[in-house]
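> got a structure for you, letters missing:
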């Protein structure tokens with residue numbers, strides 16, 4: 001089942017911004033709307049991104065270029081974190097496999 005999207009106008013109203021603000025974020029590539037039936041809107045993860053953009057831009061005064069850089073850096077750090085977790089899991093498996101061999105099985 002495809003997650004439900006929330007219409008752009010509803011998101012704008014809930015976050016107290018004009019729909020044009022969201023369209024501007026879309027034009028900059030900061031968020032991506034989706035179409036479901038006749039409704040164009042956002043999935044929950046995009047709404048979290050919108051909230052982050054608004055917090056950085058409106059509340060902290062960071063311009064949209066700065067917000068874009070922060071979002072890219074955050075995505076990069078998330079990827080690095082995923083890779084580190086995978087590496088840690090691989091190392092854990094290797095250590096456990098080595099421990100299962102025992103000292104007499106080494107050679």
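That came through, no problem. On a predicted model such as this, the values are computed, not experimentally measured, just so you know.
> other residues contacting stretch 59-68?
Stretch 59-68 is contacted by residues 24, 25, 28, 29, 30, 53, 56, 57, 70 when judged by C-beta atoms under 8 Å, 6 or more residues apart in numbering. Quick note: C-beta positions are derived from backbone N, CA and C, even for glycine.
> and residue 49, what is it in contact with?
30, 31, 71.
> could you list the low-confidence segments of the protein?
The model of the chain has pLDDT under 70 over residues 1-3, 104-107.
> in this structure, which spans are strands?
6-7, 34-36, 39-42 (DSSP state E).
> any idea which of these is most buried?
Of the strands of the chain, the one with the most neighbours on average (mean count of other C-beta atoms under 10 Å) is strand 39-42, at a mean of 18.
> ok now that one, how far from the chain's centre?
18 Å (C-alpha atoms, centre = their mean, to the nearest Å).
> which other helices and strands contact that strand?
Applying 3 or more C-beta pairs under 8 Å, 6 or more residues apart in numbering; DSSP states H and E, we find strand 39-42 packed against strand 6-7, helix 8-15, strand 34-36.
> a markdown table for those, including distance to residue 82?
Shown next, in a markdown table, are the helices and strands packed on strand 39-42 (distance: least, C-beta to C-beta, whole Å):
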| stretch | distance to residue 82 |
| --- | --- |
| strand 6-7 | 27 |
| helix 8-15 | 28 |
| strand 34-36 | 24 |
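> nearest to residue 84, out of the ones you listed?
Nearest to residue 84 among the helices and strands packed on strand 39-42 is strand 34-36; the distance by C-beta to C-beta comes to 30.7 Å.
> tell me what that closest one is packed against?
The contact analysis (3+ C-beta pairs under 8 Å, 6+ apart) places strand 34-36 against strand 39-42.
> can you list the neighbours in contact with the strand it packs on?
Outside strand 39-42, the residues that touch it by C-beta under 8 Å, 6+ apart are 5, 6, 7, 8, 10, 11, 31, 33, 34, 50.
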